[in-house]
Each structure stands twice: as C-alpha cells, then as structure tokens.
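S.K.: Give the three-dimensional model of this entry:
(chains A and B, ligands or ions: 2)
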2 protein chains.
Amino acid sequence: ATMPTKQHYSQGLETYRVPMSLYATNRVKVITSLLSKLTTSSISQGIVLLEGGKQETRQDTDHEPVFRQESYFHYLFGTNLPDCYGALSFVRGEHKSVLFVPTWGEEVATVCGESPDFEELAEELGVDLVLGVDSLSGWVADELGRLQSEKGVNGSVNGHSSNDGPKLFVLKGLNTDSGNYAKPAYYQGIEELENMKDEDTLFNCIAECRVHKSQAEIDLMRYTNFISSQAHVDVMRKTQPGMMEYQLGSLFMHHTYYNGGCRFMSYTCICACGPNAKILHYGHAGRPNSRLLLQNDMALLDMGAEYHCYASDITCSFPVSGSFTPDQLAIYTSVLNAQVRVIEQLKPGVSWIDMHRDAEREVLKGLIGCGVLLGGDDVDSTIECMLEADLGAIFMPHGLGHLIGIDTHDVGGYLEGNPPRSTRPGLKKLRTARVMEEGMVITVEPGCYFINRLLDGALQNEKQKYFFNEERLRDFRGFGGVRLEDNVVITAAGCENLSQCPRAPQEVLDVMAGKEWPPNNDILPG
Amino acid sequence: ATMPTKQHYSQGLETYRVPMSLYATNRVKVITSLLSKLTTSSISQGIVLLEGGKQETRQDTDHEPVFRQESYFHYLFGTNLPDCYGALSFVRGEHKSVLFVPTWGEEVATVCGESPDFEELAEELGVDLVLGVDSLSGWVADELGRLQSEKGVNGSVNGHSSNDGPKLFVLKGLNTDSGNYAKPAYYQGIEELENMKDEDTLFNCIAECRVHKSQAEIDLMRYTNFISSQAHVDVMRKTQPGMMEYQLGSLFMHHTYYNGGCRFMSYTCICACGPNAKILHYGHAGRPNSRLLLQNDMALLDMGAEYHCYASDITCSFPVSGSFTPDQLAIYTSVLNAQVRVIEQLKPGVSWIDMHRDAEREVLKGLIGCGVLLGGDDVDSTIECMLEADLGAIFMPHGLGHLIGIDTHDVGGYLEGNPPRSTRPGLKKLRTARVMEEGMVITVEPGCYFINRLLDGALQNEKQKYFFNEERLRDFRGFGGVRLEDNVVITAAGCENLSQCPRAPQEVLDVMAGKEWPPNNDILPG
Ligand SMILES: [Mn+2]
Ligand SMILES: [Mn+2]
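M.R.: Ligands and ions are numbered 1, 2, ... in the order given. Down below sits the predicted model:
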C-alpha cells in the first residue's frame, strides 16, 4: 500500500502547498474502481502502467519548450519530471506505486543538474518506490511473475476462484473534445506481454475517477481560481484605451506566476476586445491578441492559470472605458442573469442540457429587453418558440460549460453510460450532457455574441427571421460579445463557486475605479 | 520576382516594425546561393519547397500550446501561421514565392476567426501568391511541368546547355546542436515526384545564408537585444533576498512581452541563484527556478526574448545583496575580463577556437589572482601549461558562444567546408569552430563555475592537481558560478555589441541601486 506522506508540492512564499496525499488518494480511487469493474471477471491482480509525457524539442532544433506533464500521469503520480513511466501493482485492494525516472551521466549533470536520487524522490512524491526507466522492462516482467505466483497461493478470492492470471492494464480511449486517443504505455519489449495486456478497462475507470474531484483536488482548484480571479481584478484595474490586447495577457500571466507560482496557463490567454470578442478562441497564433483597445470596446478576457497541473478557466467582460453604455449594460446583464440562474440551480441531479437551455432563455430574454428580438405579448412562451427554432445557438454558439480539472476541457464528458451528444445547434457543442454529481467541477460560461455570418443566416432562416428587429440589430453588428465564466464545484446540497471575480455591473465599475476587491478577506484559501 | 513591399510586422505601440522586405532579401539570397551551387550541373530551374511547423495539441487532449513557426520556414516566409507550405519557383535568377495556407469552414471560423484572405495575406507578407494548402499538390505538379517546358524554350543557359529537367529542392540536413535532421517537406502525392526530388543541395545553401545576417536581420536582433537588455536591468533593480528565482523570470517575461511585444522567450529562462548557477541549463521542468534567494547568493540570469522569431540570448550575473563580496568580485571580474578580451579582438578572420582559448586564459588568470590556482613565477607561461592540461574546461565546461539568429543555437556551426568539432575537453563543447565572417551574430558568454564533480576529478588528475590551492578552493565550493553573455555582430572592421547591459562592477551596483540605465538614450533602436 502507498505510504502516507506529509510531503507537499509548493512554489514557496505564500503559494499553495499541495499535499502529495492528493495523489495517493487518486491512486486508491483508481484501484478501487478497477477492482469493481473486475468483479465480474476472475482477475484480482495486475499492473496499471502509464507512460508520462516526453520532453520535446522544436522540430530538428535543440530548443526545448518547458515540459508540462501528461494529465493522466499527473493524476496518479504528481510529478513534473518528463520521460517517466509509472506503475501500480495490485493484488485485490492492496497496491504499491512505482515511478520509473530517467537517469543520466556526469556530462548531462553539468548541464541539467544531478540525476534524481531515487529515495529522496520517493519520499517527496509519496510513492512506494522509484527506479530508473532502464529497469522498467525487467520490473514489469518480474512483477507479473510474482503476481502470477501470488494468485497460485490464493486460488480463491472473495469466494470465487481466481482463474485468470494478472493483467497489464494500459490506457486507451477517446478524448471526446479532441477526437484523439490516449496512447497506451509503450516500451521496447512490451510486445512480448501482448497476451496479458488489457486496453479496455483502465480508461473508463480513471476518466470517471477524474470526473469526481476529491476534497484535496477541490481545495487546489480553489487556489488556482483564487489566484486567477485576483489576476483578473488586477488586469481590470490596469486596462485603458490605447493598450494592446496582449498587454492584458502579459499582466495576467505575470500576476499568476509572480504572485501565485503558476508557471503555466491552463490555455492560451484570450484577450478579445471590441469585435474580436465574437471569436471564441481568439488569441492563437493566427489571431495573436494584437488589437489596440479603443474607448468604446468591451473587453472579453478568458484567462486562467494552472498550479501543479490543476486548471482554472475564468472569463471577465467589462467596458474598456470604465463605464457601460446602455447597450453594453443590457448585453452584460443578460449574460450575468444567465450565469446566476444556472449557478442558483446547480446541484446533484440537475441535467447540464437543462442548464444550457436556461442560460439560452436568459440571453434571449435580454435580447428581447433591448429590442434586438421581438417578445410579443407573452414573452415566456415566445422564448420557448425561439428555443424550438434554435435561436439560442445564433447568439451563444458554444456550450454552457465543461468539466474542468487537470485538463481545462477535462475528461469524462461523454463516458459510456452517460447521455450522448445532442445533434441540435448549440446543444451539440456541449462538451458534456451529464447529470450533475457531487464532486464535479464545471465551468459556467454563458455568452452572447453578434456574429454577422450567423445573424445573416438567421435573417434568411424561415424559422428564425420573424423574431428579429433587424433595424435594432444593426446597432450591435460590431459589438463583439460578452462572456462570463466561473468554475463551480457540485456539492451534496448545491454548489460552490470557486471563482471570485466582480460580477455585478457596479462591482465591475467599482473595481475598475480602484475599489478594494474582494470586499473582505474571509474567502482566502488556506 | 518577388514584389517589393512596404509592409511591416509589428506588435503595435512602440514595438519594432520589421520590414517584410527582410524575408524577400532572404529569398533572393537562398535562390542566388542555390544557383551558384548548381553551376556545375546543368540545372537552372526548380522549386524550393518548405513545410511550415504544425499546430500541435498536448498528447490526446485539445490543449494547443501557442504555435511558433519552424525556423527555416520563417526565414523565407516570415509568417506565424501554422500548417503552411511555401514554395520558391525559379528559372535562373528569377523566382516567385508562393505560400500555401490552411483554410476552414464557417464552424471553425466561429471559434478561430475567418479563414485567411489570400490577397490580403500576400500583400501583408510581400509574397507573390497565396493559395490554399489543398491546391499544393496540383500546383507543384503543374509548376514543374511549366518549368520543364520553359527549359525546352531556353535550351542553352549561360553558355552551356541545360539538359536536366527542373528539380524539387527539399530540406534535409543535420542540426549539429540537437543531432536531429531537418524534415524534408512532405505531402500526400509527393512520392510520385521522387525522381525530381533533390534532398542534397538546399540544406547547405539555406543554412549558410542564415549564418550571414542581412542589415535588416541585424537591426531586428538589435531590437530583441535592446528589449531584453532593458528587461535584465529591470530585473536587477527588483531583485531582493527572499524572492523566488522564478519571480525574476516572470518579471523578465512580462517586461519583454508588455513593453516589447515579445510573445516568446528564445529559450526557457535560466534563473540560477547561489549554487544553482553551476547548472548550465537550470530552469527546466526538473529544476524549475524554485530556489529562495539568499543574501549572499550570486544571481546568474540567462534570459532572452525573441521578436518575430529572431532571438536574443543574454546573461547577467550580480550579487543579490546589491554589493559584491571580495570573492564574488574576483570571479565576476575574471569572467568580465574574458568577455572584454574576446569582444576587443572579434573581427573577420579571427578563429572562434582562439577566442575560446583567450577566454580560458582570462578565467584562469583570475583564479590565480584570487589564490584558487597557483601561478608560479611566470604566470603567463603557467597559464599556457594549464591550457595544455585542459584546466580551462574544469571551470568553463561549455563553449565560449554560439551563432544566434532565428534559433538561439543557430544553424551553420559545423557546415561542410568549415573546421570540424574539436575532441578536447572544453573545445569540443563549442557549437562552432568557424573563422569569423562579416554578418555573423554570435554570443560571447564566458563563465566560471565551481562544480564539485569536475573539481574533485581535477584534484585526482595527475596533469591538473598540482595547479590547485586546495585549501583556498574550499572557499568557493558552494559559490555556483558567473556567466556574462552578450550578442555580437561581426562587422567589416570589427564587431558591434548588440546587448546593452551594465557590465562593469560599478555599473551593476549603480543600476541595482536605482541609477539610470542606459546612461544616455542614443543607442535606442529605430
Ligand atoms: Mn471554458
Ligand atoms: Mn547562449
């Protein structure tokens, strides 16, 4: 069994101390889940084998981008070292964790520092054993042999006979956000174990474990949310017309790294001002946050830092000038109403699809309120007709939110046994259609955008065009959009919002004018 | 022929405006070089085909690290767009440049922005034509056919007959820093052109072109050096005992991005304080700049930003406390003497090996001066004996410097026809052994480190041990090290130091105490 450890990961000073027991808990969860899946078979021992991420170089050069660990591997072993393997060897509920790390000679030590000390590293990470990667192949073969003989001694387990030999469980499964497959651990020689390899069981177990965050994971994500929220506030205060969008991103990254120890962003900063706000993943190489901020721009800043590989994903929208125009206030308020309505309802048992629909209702209501859409005599029933006509997806062409954890778009959105992806506009963009369960952390990020292509399509669409006041719509053609995004954990009775940004319009303006935030300090983590 | 363009790349505000004619010049240089290599054959037309870098995702997830262009591709086409191809079609000295870019549909446009407009992009980049990547295969086949018929019309070129058909020149060659090979452009269908493909000629041409910087390239690198120097000064002023190393890196990255528009660092920040300074490439994932700065630490900060893919690579060393101890001053001064001695001598015709040796001489002289090494009656001849015994490599176990350009460790260090890599300690670490030529940009980065493993080896070594005062050496065991690195361009008559950091000990202390830097502004670029 994994030894208890009092070790922590931290970036020093006031940064968060991540208890390494977090990863021990993750390991126990995965082994327990795996055993529960195996009860119908007669397997009760085996090895879970994961391959960590590799240190890469850029094309043919020796340029090495800073390494960030592969997410499944981080979940179980909690180390930032590249080029590792990790194994959990288990017999029924008992398991031991073994980390295999690269080692190097003296010449490399001069350049990169000493090769890791196995005992120190085991102590630091709270794993049972650390070995060199060069001993991986031999260790797996020996361990499988040992488990085989263990089985001989304990022919009968839990009342039924254990006929099958130990299995080597590797990861293989579809990431439903990327469409790519997790790569099963590979090393030279593993081919000889083909008949013991199981590629079918582990993925669902570990992905489902990752969906349900432990208390330690939630505490860590409260920290990443805290530091990212604080950085958003800092950026809000410093934003001025005449700045470049990327300067807002630079302020954010510096704040979270300098003050929070966050070396990585969860994703590329989206600093979308003015009309750019309608480009949902603005900020990539082709659209590199290169606009000059103008007085009347709304800023949409979608930025989140990660700490020890746990993400945050927060979006603030605010007027660059420091005061809302009536139209800006109207759109902002409708998106805020959508966010509030969802967060108020979130608790175990609630369907994410229903939440998406409710968010659309508030956005549409707001658009009726400012005259872009026509509400008729019975606004509520008109809104239902609008939903029926898929009008929500014209203004919010993305999902309401996504599971978040070690990946920003975290795994488990469409794991088997859960509701499938919808085929309807808007709903089909949802990265999960699951029913909420305690321990899920999910983003709530309604938005409202004015995308000419979609609007023009709607104005041509027989089911949609009658809802529009085309003349009033013209006022919003260059508006861009508004998005508000918080990270919320589902609790037994409801939910907790981990994010701490000013949201009410007056709060936003007050913070921009220099007022203190948060108003009091009792929400500080730790 | 490529059209002249008045377009610039810039990050707005006061950031540098890179003339896109820089890349037109690069293209002409490469075609000219290629033709000069082909004079012995009867080929005078063909296509140079490069494949740009790909937008990658992290493992199986949809996480997209910010894309940075492949360096050869950037050299010829100057675009940050991922997933492109580029071609130069030439007949004798005339060529046209064609960029092939990915295009996408409306659904992706909502997320990433509109698909590029071909004409706008051609104008912006100053290339002759922009097409979609889907037309690459057809275009190459057609163009080769056209060149073939062109040859028919002009059977005799430059007085000798042109018997051979056009060739498709792709990149293949060894990067002598990484040991990896540049990957020849590949697309589905290129196999059919196997008999027209030439993998042997292009690499040496383009790599040698990259070694000799044009005036526009030098001007751009003067800017990256300016902004990085300024950022180093900012960090120096803010450094205090009690900070974490990574905070210095965060300050640097923020300064260069916020003020200079530099989205990328040339390489991972090395913020090595106290004993960490002896780890030459400190700062990677395994040693993530995680030390607390102590009062008596020396800081060794090796940090450089790039702008539109052109690098800078600067190292400053200074006492965290703001004042040198006598030992710190002695080591610092010996490294500075080495740097000054090299820069004073640099001009066309000087051998880089000789410069490395001279740097070693100064470091050894400094170590004699502070009593770590024994100089005997005739210090100069003792130093020659020390070099003969490879003692320089004990204290400076890396090369004096490297070519720098679009890559930090730029190409061309050991191209054929140039001096080969030495096999002796120290010298074998040099990334080039070339004789200096006008237009080369090279780092001058002498260092002196106290690496116990190397020192203990030397104390056991029959040829080396007699030079040591072992007792005095003990004072330096935990010292770490000092490195000073500037980027220098070789001019017709000498060299120009592009870097602008305080170097004299008093300058360093003055800047740390808040004095203005640079003393006057006449070195500002633009
Ligand atoms: Mn999100
Ligand atoms: Mn260097």
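S.K.: hey, which helix is longest across chain A?
M.R.: What stands out as the longest helix in chain A, according to DSSP state H, is helix A:215-238.
S.K.: That one near ligand 1 anywhere?
M.R.: No - against ligand 1, helix A:215-238 shows no contacts by CB under 5 Å from the ion, the least distance being 12.0 Å. Glycine gets a C-beta too; all of them are placed from N, C-alpha and C.
S.K.: List the buried residues for that helix?
M.R.: A:216-237 (16 or more other CB atoms under 10 Å in any protein chain shown).
S.K.: do stretch A:133-142 as well
M.R.: A:Val133, A:Leu136, A:Ser137, A:Trp139, A:Val140.
S.K.: Check those residues against ligand 1 and report the nearest one.
M.R.: Closest approach to ligand 1 among the buried residues of stretch A:133-142 (CB to the ion): A:Val133, at 35.6 Å.
S.K.: Return the residues in contact with the nearest residue to that closest one once chain neighbours are set aside.
M.R.: Spatial nearest neighbour of A:Val133, excluding adjacent residues (CB to CB, 6 or more residues apart in numbering or on different chains): A:Phe100 at 4.6 Å. Neighbouring residues of A:Phe100 by CB atoms under 8 Å, 6 or more residues apart in numbering or on different chains: A:Cys84, A:Tyr85, A:Gly86, A:Ala87, A:Val130, A:Leu131, A:Gly132, A:Val133, A:Ser135, A:Leu136, A:Trp139.
S.K.: again, only using 6 Å
M.R.: By CB atoms under 6 Å, 6 or more residues apart in numbering or on different chains, the contact list for A:Phe100 reads A:Cys84, A:Tyr85, A:Leu131, A:Val133, A:Leu136.
S.K.: Mind checking what secondary structure the spatially most central residue of chain A has?
M.R.: In chain A, the centroid-proximal residue (CA atoms, centre = their mean) is A:Thr408; its distance is 2.3 Å. Three-state assignment for A:Thr408 (DSSP: H, G, I helix; E, B strand; the rest coil): coil.
S.K.: How about the contacts made by it?
M.R.: So, once contact is read as CB under 6 Å, 6+ apart, A:Thr408 ends up touching A:Ser266, A:Tyr267, A:Ala311, A:Asp313.
S.K.: And A:Cys495, by the same measure?
M.R.: So A:Cys495 contacts A:Leu346, A:Val488 (CB under 6 Å, 6+ apart).
S.K.: Recalculate using a threshold of 8 Å.
M.R.: Counted by CB under 8 Å, 6+ apart, A:Cys495 has contacts A:Ile343, A:Leu346, A:Lys347, A:Val488, A:Val489.
S.K.: which among these end up buried?
M.R.: A:Ile343, A:Leu346, A:Val488, A:Val489.
S.K.: Throw those into TSV and include pLDDT, thanks.
M.R.: Shown next, in TSV, are the buried ones among the contacts of A:Cys495 (pLDDT from 0 to 100):
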residue	pLDDT
A:Ile343	98
A:Leu346	98
A:Val488	98
A:Val489	98
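S.K.: Strands - which of the residues you listed land there?
M.R.: Among the buried ones among the contacts of A:Cys495, DSSP state E puts A:Val488, A:Val489 in strands.
S.K.: wait, which of the buried ones among the contacts of A:Cys495 is closest to ligand 1?
M.R.: Out of the buried ones among the contacts of A:Cys495, the member with the shortest distance to ligand 1 (by CB to the ion) is A:Val488, at 11.8 Å.
S.K.: is it true that that closest one touches A:Leu498?
M.R.: Yes - A:Val488 lies in contact with A:Leu498 (CB atoms under 8 Å); the separation is 6.7 Å.
S.K.: Give me the common contacts of the two.
M.R.: Here A:Val488 and A:Leu498 have A:Val441 as joint contacts, going by CB under 8 Å, 6+ apart.
S.K.: Quick one: neighbours of the residue in the stretch 151-300 of chain A that ligand 1 sits nearest to, just the number.
M.R.: Closest to ligand 1 within the stretch 151-300 of chain A is A:Tyr267: 7.9 Å, counting by CB to the ion. For A:Tyr267, the count of nearby residues is 23 (other CB atoms under 10 Å in any protein chain shown).
S.K.: for it, helix, strand, or coil?
M.R.: Quick answer, by three-state DSSP: A:Tyr267 is coil.
S.K.: Got phi/psi on it?
M.R.: Reported as degrees, to the nearest 10, the phi and psi values for A:Tyr267 are phi -160, psi 170.
S.K.: which neighbours does the helix or strand harbouring A:Cys271 have in its sheet, and in what orientation?
M.R.: In the assignment (DSSP states H and E), A:Cys271 maps to strand A:270-273. Next to strand A:270-273 in the sheet, as set by DSSP bridges, lie strand A:298-303 (antiparallel).
S.K.: one step back: from the buried residues of stretch A:133-142, which is closest to A:His284?
M.R.: Of all the buried residues of stretch A:133-142, A:His284 sits closest to A:Val133, with 34.5 Å by CB to CB.
S.K.: ok, now how distant is the closest residue to A:Trp104 other than its chain neighbours from ligand 1?
M.R.: Excluding the flanking residues, the one nearest A:Trp104 by CB to CB, 6+ apart is A:Ser115, at 5.1 Å. For A:Ser115, the distance to ligand 1 equals 39 Å [CB to the ion, to the nearest Å].
S.K.: Just list the residues touching A:Ser115, thanks.
M.R.: A:Thr103, A:Trp104, A:Gly105, A:Val108, A:Ala109.
S.K.: A:Ala492 now?
M.R.: A:Pro348, A:Glu438.
S.K.: at 7 Å what do you get?
M.R.: A:Glu438 (CB atoms under 7 Å, 6 or more residues apart in numbering or on different chains).
S.K.: Can you give me the distance of it to A:Glu56?
M.R.: To A:Glu56, A:Ala492 is 42 Å away according to CB to CB, to the nearest Å.
S.K.: ok, now A:Asp234?
M.R.: 32 Å.
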